[in-house]
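In: Provide a 3D model corresponding to the input given below.
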Amino acid sequence: VPAAVAYMLVDQAIRDGDLPLASRLMKHLPEPPEDTARFAWQMRRAKVFILAGEFERTVALLEALLPKSASLSEAQRDQLIQLLFDLQTVGQHDRAIQLLEKLYNAIPNYKLRRELLFWMADSRHAQQNYAEAARLYLRSATLIDNNSMDPWAQTARYQAARNLSKAGMAGDAEYIYKQLLRITESPERRAVLRQELEQLRLQQAAADE
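Out: Below is the predicted model:
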């Protein structure tokens, strides 16, 4: 099929919702059509591959882009990260973490790095690997400053405590909840933290019986 015809067939397949066909056609169309930016075309291919369940092909495509991620514009980087979220959404957590780790190593921006750690932790939580999730949440909280208690760090610490509790490390979870309670001013958040501490006490009491 001539490339010009194949591009039209891709558009028609997407309009018809025939993603397997669109994916098969796109496998042989690595170069963008005329008047389409290469990056935008690769993002479109990756999205179709995900929706068609072509996860290995998605990973291979995105891995090829990651070494250049530091030079991407913020908007382009957001598009790339959204595709990693899409992998998480469809339950491809190991593949998402693999790509998030590569992006982490390619990006020197510490603010973005701590966000990437948080999203890796989200995947480990979804896999019920609570101890590893807690470790990643705490890395996210302390990456820029070990003692940071800005809103991001507070959220990451809270998520770490919740996962420590699920991992059976009640003492560590309690320490973080009390740490957060000391610096939290919002009555609503203080109420949530007290509730979490009470839940921990109930769990410990049940375990001691």
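In: now what about the helix or strand harbouring residue 46, what contacts it?
Out: Using DSSP states H and E, the element containing residue 46 is helix 38-51. Applying CB atoms under 8 Å, 6 or more residues apart in numbering, the contact partners of helix 38-51 are 14, 19, 22-23, 26, 29-33, 55, 57-58, 61-62, 65, 72, 76, 79-80, 83, 86-87, 90. For every residue, glycine as well, the C-beta is placed using N, CA and C.
In: tell me which of those residues fall in strands.
Out: If you go by DSSP state E, these have nothing in strands.
In: list the contacts of the spatially most central residue of the chain.
Out: Nearest to the mean C-alpha position of the chain, counting by CA atoms, centre = their mean, stands residue 119 at 3.4 Å. Applying CB under 8 Å, 6+ apart to residue 119 gives the contacts 84-85, 88, 96, 100.
In: please apply the same query to residue 121.
Out: By CB under 8 Å, 6+ apart, the residues touching residue 121 are 132-137, 140, 156, 159-160, 163.
In: what packs against the strand or helix carrying residue 102?
Out: Taking DSSP H and E as the criterion, residue 102 maps to helix 93-106. Packing partners of helix 93-106 (3 or more CB pairs under 8 Å, 6 or more residues apart in numbering; DSSP states H and E): helix 55-65, helix 74-89, helix 110-126.
In: low-confidence stretches in the chain?
Out: 209 (pLDDT under 70).
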